[in-house]
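[1] okay, predicted coordinates and the sequence, questions at the end:
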Amino acid sequence: MPPPTFLLLLSGALVLTETWAGSHSVMYLHTAMSRPGPGEPRFICVAYMDDTQFLRFDNNDPSPKMEATVPWMQLERSEYWESQKRIVTSHVHIATLRLNNLRMYYNQSGTGSHTLQVRNGCQVGLDGSLSLFNEFAYDGVDSLTLMEELRARTQAGMEVQTLEDEWEKVVAFEFNTRHLEQECGPWLQRQLKKGNWTLRTKPPKTFVTHHPTSDHEVTLRCWALGFYPANITLTWQRDGEDLTQDTELVETRPGGDRTFQKWAAVEVPSGEEQRYTCHVHHEGLLEPQVLRWEPPPQSSIATVGIIAGLALLGAVLTGAVIWRKKRSGRETLI
């Protein structure tokens, strides 16, 4: 069952534009929900390494504290947990200020409930390069949209610096890039080692399946399984022309073993399957793969038919023997 914060983020703005696409990433999801009256908001924080949650905090718990959710986090020293305690306390305070500022900016009453979502972290690529991300949303509206709203409300001719100062007053949201640069990347590398994670790629296992849908049409489904990282492209072509509009494509899904899965399908006329090719692009492949549906060999079809026929014949003979025994039994009793 996904954590409450993750479910909340699914309905918000932050998950609509993913900002990382490399080998491994650390992502912190902070959700603050204001409550009627004075006091701190409900504050939940969860942290993920790739698709694995490793930290959790909820100030609604009887004894709120940052908790490890995987065994390898137990290797962290007491200094780490003390720093996490200070960071969470600071985040709760900042989130309270942000919610109050945004509520006043939108002229909202203090009786309702509003939500502030923050996502930040870093990603390390296969070449060791570091990328950072740090963004937020208020009541499901992302920061870029909020900035545009502020610009629309700003008087014409206002200087850029004045606008930025006003933005800081309204949002009170700082991009702590220096902290992410100094801490996130090295910490991620250490955790990869402790958690027995490795910076690697796994090429997809690919194949095409054949599914008749009517007397005249079949579905060709192109599969990619067990690949890492998650970025992959599956496209169908007919006689070399892309079929983007006619392709059914599912979202990339976790496979449960730190790998991913995906498929793409097209409806094709029966008998024309060989005109269609699936093209797979993934960084684990030395070159893009091109796949066609391969009909099973005739010998295999004949073998399956013989086995099925023998099974049917065996069932008929067995039924005949049972029937004769029953009939013989009835005659003896008479």
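    Thanks, I have it. Numbers count the residues shown, from 1 in each chain.

[2] could you report the pLDDT at Gln117?
    pLDDT recorded at Gln117 is 90.

[3] next: the one 3 residues further on.
    Asn120 is assigned a predicted lDDT (pLDDT) of 86.

[4] residue contacts, it?
    Residues near Asn120 by CB atoms under 8 Å, 6 or more residues apart in numbering: 27-28, 132-135, 176, 180. Every residue, glycine included, has its C-beta placed from N, CA and C.

[5] quick check: it vs Asp257, distance?
    Using CB to CB, to the nearest Å, one gets 27 Å for the distance from Asn120 to Asp257.

[6] and for Cys222?
    Cys222 sits 21 Å away from Asp257, going by CB to CB.

[7] please say which of those two ends up with more neighbours.
    Cys222 (27 against 9; other CB atoms under 10 Å).

[8] helix or strand: which one has the more buried one?
    Using DSSP states H and E, Cys222 sits within strand 217-227.

[9] go ahead and measure how far that strand is from the middle of the chain.
    20 Å (CA atoms, centre = their mean, to the nearest Å).

[10] same deal with stretch 119-138?
    With CA atoms, centre = their mean, you get 15 Å for stretch 119-138.

[11] could you list the buried residues of it?
    Of all the residues in stretch 119-138, those buried under the rule 16 or more other CB atoms under 10 Å are 119-125, 130-138.

[12] repeat that for stretch 208-220.
    Buried-residue list, stretch 208-220, by 16+ other CB under 10 Å: 208, 218, 220.

[13] now do stretch 84-100
    Burial within stretch 84-100, assessed by neighbour count using 16+ other CB under 10 Å, is assigned to 84, 88, 91-92, 94-96, 98-99.

[14] put together TSV for those residues, with distance to Pro71 on each row.
    As requested, the buried residues of stretch 84-100 are exported to TSV (distance: CB to CB, whole Å):
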residue	distance to Pro71
Gln84	17
Val88	22
His91	25
Val92	27
Ile94	31
Ala95	30
Thr96	34
Arg98	34
Leu99	35
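
[15] tell me the one among those residues nearest to Asp58.
    Minimum distance to Asp58 across these is 10.3 Å, recorded for Val88 (CB to CB).

[16] show me what whichever strand or helix holds that closest one is packed against.
    Using DSSP H and E, the element containing Val88 is helix 78-105. Counting contacts by 3 or more CB pairs under 8 Å, 6 or more residues apart in numbering; DSSP states H and E, helix 78-105 is packed against strand 24-33, strand 42-49, strand 115-124, helix 160-171.

[17] okay, angle between that helix and strand 42-49 too, please.
    Interaxial angle, helix 78-105 versus strand 42-49 (axes from the mean of the first three to the mean of the last three CA atoms, to 10 degrees): 130 degrees.

[18] quick one: distance of helix 78-105 to the chain centre.
    That offset, for helix 78-105, works out to 27 Å (CA atoms, centre = their mean).

[19] burial count for Phe260?
    Phe260 is flanked by 23 other residues according to other CB under 10 Å.

[20] report pLDDT for it.
    90.

[21] and the closest residue to it other than its chain neighbours, how many neighbours does it have?
    With sequence-adjacent residues excluded and distances taken as CB to CB, 6 or more residues apart in numbering, Phe260 is closest to Ala230, at 4.7 Å. By other CB under 10 Å, 18 other residues sit near Ala230.

[22] same question, Glu183
    Glu183 has 14 neighbours, counted by other CB under 10 Å.

[23] before we move on, what about Glu82?
    Using other CB under 10 Å, Glu82 is surrounded by 10 other residues.

[24] from Thr89, how far off is it?
    Going from Glu82 to Thr89 by CB to CB gives 11 Å.

[25] elements contacting the strand or helix carrying Phe136?
    Assigned by DSSP H and E, Phe136 belongs to strand 130-138. If you count contacts as 3+ CB pairs under 8 Å, 6+ apart, strand 130-138 packs onto strand 115-124, helix 143-153.

[26] please save the CA atoms from the strand holding Cys222 in CSV.
    Below are the C-alpha coordinates for strand 217-227, written out as CSV (Å, rounded to 0.1, in the frame of the first residue of the first chain):
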residue,chain,number,x,y,z
GLU,A,217,-7.7,-8.7,-36.9
VAL,A,218,-5.0,-9.5,-34.4
THR,A,219,-3.2,-7.6,-31.7
LEU,A,220,0.6,-7.5,-31.7
ARG,A,221,2.0,-6.6,-28.4
CYS,A,222,5.7,-5.7,-28.0
TRP,A,223,7.1,-6.4,-24.5
ALA,A,224,10.1,-5.1,-22.7
LEU,A,225,10.8,-6.6,-19.3
GLY,A,226,13.5,-6.5,-16.6
PHE,A,227,15.2,-3.3,-17.7
